[in-house]
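In: with the sequence up front, the predicted model follows.
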Amino acid sequence: DAGVTQSPTHLIKTRGQQVTLRCSPKSGHDTVSWYQQALGQGPQFIFQYYEEEERQRGNFPDRFSGHQFPNYSSELNVNALLLGDSALYLCASSSGQIDQPQHFGDGTRLSIL
Amino acid sequence: RKEVEQDPGPFNVPEGATVAFNCTYSNSASQSFFWYRQDCRKEPKLLMSVYSSGNEDGRFTAQLNRASQYISLLIRDSKLSDSATYLCVVKVERGNKLIFGAGTRLAVHP
């Protein structure tokens, strides 16, 4: 039973570029949430997708956008990258029921030069 | 003020020690509470949920005080493998987003 899988594992970009990160949820899960974790901080909620729509959004600018596909996998896109976007990006999946715990993937470590 | 606050530590304790972590949250509408564990450069993993009546899982005991908006985690008989960052997490009733504290680092030494 595959857990949450994310790709790529590591990524290096330069300022101003665009990046796409990918996530496949755990089998049986239909909800995907994205988090950004800066060094020494806890994860910060970016947004959540359910039934291919953004259900909730955190305090992140419009440069951060996402998508969910019919097979429940998801993408996180970040445009016009800034140095401050360097972080570990975590994807978490859960079932549509609100009280179900979220399971995290290994994350994508994004470095902006 | 941060929504979830934790003592960042680090807590350096010998094997076998008992250690307690505290956490406070600011949103009185918070409905669900958790402790997650995160190893260095790894993803957070759910350690346990926290209930108002308090709950125990082996060497781990979690407590919730809604009136004080305070959550605690007690680890008894610490093992070397307990060394990690412990994240206090709350979920507000509306929506399903998790709000994380910055984490408390624990280092257990021989």
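Out: Received it, and whenever you're ready, just let me know what you need.
In: helix/strand/coil for A:G84?
Out: helix (DSSP: H, G, I helix; E, B strand; the rest coil).
In: any idea how far B:T24 is from chain A?
Out: Per C-beta to the nearest C-beta, to the nearest Å, B:T24 is found 14 Å from chain A. No exception for glycine: its C-beta is placed from N, CA and C like everyone else's.
In: what about that residue, neighbour count?
Out: B:T24 has 17 neighbours, counted by other C-beta atoms under 10 Å in any protein chain shown.
In: unless I'm mixing things up, B:S30 is touching B:C88, no?
Out: No - applying C-beta atoms under 8 Å, one finds B:S30 not in contact with B:C88, separated by 11.0 Å.
In: those two: which is more packed in?
Out: Between B:S30 and B:C88, counted using other C-beta under 10 Å, B:C88 has the larger neighbour count: 28 against 20.
In: helix or strand: which one has the more buried one?
Out: For B:C88, the element it lies in under DSSP states H and E is strand B:84-92.
In: list the strands paired with that strand, with their directions.
Out: Partner strands and pairing direction for strand B:84-92 (DSSP bridges) are strand B:30-38 (antiparallel), strand B:98-100 (antiparallel), strand B:104-109 (antiparallel).
In: where do the strands sit along the chain?
Out: Picking chain A for this. Ranges of strands in chain A, per DSSP state E, are A:5-7, A:10-13, A:19-24, A:31-37, A:44-50, A:53-57, A:64-68, A:74-78, A:87-94, A:103-104, A:108-112.
In: not quite, I wanted chain B
Out: B:4-6, B:11-14, B:19-25, B:30-38, B:44-50, B:55-57, B:60-65, B:70-75, B:84-92, B:98-100, B:104-109.
In: list the buried residues for the first one?
Out: Read that as strand B:4-6. For strand B:4-6, a neighbour-count test (16 or more other C-beta atoms under 10 Å in any protein chain shown) marks B:4, B:6 as buried.
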